[in-house]
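>>> Have a look; sequence and predicted model below, questions after that.
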Amino acid sequence: MKPLRTLDDLIKHGLINAADAPSLAEVVDKFSLTISQQMHDLIDKTNPHDPIAKQFVPSVQELITSPLEQTDPIGDEIHASVKGIVHRYPDRCLFTPVHICPIYCRFCFRREKIGNSELTLTPAEMEAAYDYIDQHKEIWEVILTGGDPFILKPNSIKTMLDRLSKMDHIEVIRIHTRVPIVDSHRINQEMIDALRCDKTIYVLLHANHSKELTPEAIRACSAIIDAGIPMLSQTTLLKDINDNIETLSKLMRCLVKNRIKPYYLHQTDLAKGTQHFRTSIEHGQQLIKQLRGRFSGLCQPTYVLDIPGGHGKVPIGPNYMTCEAHAKDNYQIEDYQGNLHDYAVI
């Protein structure tokens, strides 16, 4: 079966009712729609609360926007140096050769641009991006993102990695992807061979629910890891999808079991039409406390917020330490069970 790309496709395969199509037409006109065959097969159509369907099937709730929501919630455009390069932090930059994905998350912070093939870099624009990276010797790490870089053919990936490998100041290349989960067959031997280069490669997997880690997904991830490429994960905290300790801990344990280190837990960004996905920060902090107290240190992601306006990512997890007002070197430390303990700095 081909990917589902239209409302008619969703009706045909039982993901929406025909009566809902007119109200959803505006949604898919504004925000790209594609559901990969692999994720379609994973959706439980008997469960109205299926966590896979909620992530990828459009909803009329996306037409409800808050005045706080933005078209560019993390400020990519502010730090866009040349087309395809976002240089927000001194020692690293984003490199976005494509804005296409094999599947579109309904909460994506780049949803205003994603799915637009016209934003794919031309050969001349690719050269300008390489020139920028080459000229800025402070860049130590290049992060390939988009879109999903793994939607490109292996020879295109190899060309990019070979070009970056020739730059002495680049020591680490990171690739952000959903592909091993949503379109696992793309991680074949040709792709693994393309990832071999003279630089250190990390692959960051976007995973939000343990259900996504199917046998096919695990095989794809194992192929990357067995090739000597470390994998980390990033997860978006999503209301009624993974915002309870049972679901979140199961995901983190599943990742660790399969040799993927949890890295970030993102507070959902202020992208337009995504408020139905957002939890409160206080709720997220409580989840982090429960995770810290009950599960292995290997299972602990850093809870982060991308400050709107392009000001960068900051940790927003709970604080376990308070200073006593009468003595600046005396602290109270909260343990994982919520008990307070005195701690004095000598």
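Perfect, I can see it now. Since we're looking at a predicted model, the values are computed, not measured.
>>> Quick check: which ranges of the stretch 151-300 of the chain have low pLDDT?
Residues of the stretch 151-300 of the chain that meet the criterion pLDDT under 70 are absent altogether.
>>> And the strands in it?
Under the criterion DSSP state E, counting those that start in this stretch, the stretch 151-300 of the chain carries strands at the ranges 172-177, 200-206, 231-237, 260-267.
>>> can you tell which of those strands is closest to residue 50?
strand 231-237 (17.0 Å; C-beta to C-beta). Every residue, glycine included, has its C-beta placed from N, CA and C.
>>> okay, now residue 333: neighbour count?
By other C-beta atoms under 10 Å, 12 other residues sit near residue 333.
>>> no wait, residue 116
Neighbour tally, residue 116, other C-beta under 10 Å: 14.
>>> Setting aside sequence neighbours, what's the nearest residue to it?
Counting by C-beta to C-beta, 6 or more residues apart in numbering, residue 116 lies nearest to residue 99, which is 5.4 Å off, once chain neighbours are set aside.
>>> Now for that neighbour: which residues touch it?
Residues in contact with residue 99 (C-beta atoms under 8 Å, 6 or more residues apart in numbering) are 110, 113-117, 119-120, 146-147.
>>> re earlier: with mean neighbour count and distance to residue 9 as added columns, please give the strands of the stretch 151-300 of the chain in JSON lines.
Converted to JSON lines, the strands of the stretch 151-300 of the chain look like this (neighbours: other C-beta atoms under 10 Å; distance: least, C-beta to C-beta, whole Å):
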{"stretch": "strand 172-177", "mean neighbour count": "21", "distance to residue 9": "24"}
{"stretch": "strand 200-206", "mean neighbour count": "20", "distance to residue 9": "23"}
{"stretch": "strand 231-237", "mean neighbour count": "21", "distance to residue 9": "25"}
{"stretch": "strand 260-267", "mean neighbour count": "21", "distance to residue 9": "29"}
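>>> now these as CSV including distance to residue 296?
Formatted as CSV, these follow (distance: least, C-beta to C-beta, whole Å):
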stretch, distance to residue 296
strand 172-177, 24
strand 200-206, 19
strand 231-237, 15
strand 260-267, 10
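>>> of all those strands, which lies closest to residue 93?
Closest approach to residue 93 among the strands of the stretch 151-300 of the chain is made by strand 172-177 (10.7 Å; C-beta to C-beta).
>>> Mind giving me the packing neighbours of that closest one?
If contacts are counted by 3 or more C-beta pairs under 8 Å, 6 or more residues apart in numbering; DSSP states H and E, strand 172-177 sits against strand 141-144, strand 200-206.
>>> got those as TSV, with distance to residue 294 columns?
Formatted as TSV, the helices and strands packed on strand 172-177 follow (distance: least, C-beta to C-beta, whole Å):
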stretch	distance to residue 294
strand 141-144	32
strand 200-206	23
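>>> Would you map out the domains in this structure?
7-315, 319-346 (automatic domain parsing).
>>> so which of the ones you listed is the most packed in?
domain 7-315 (a mean of 18; mean count of other C-beta atoms under 10 Å).
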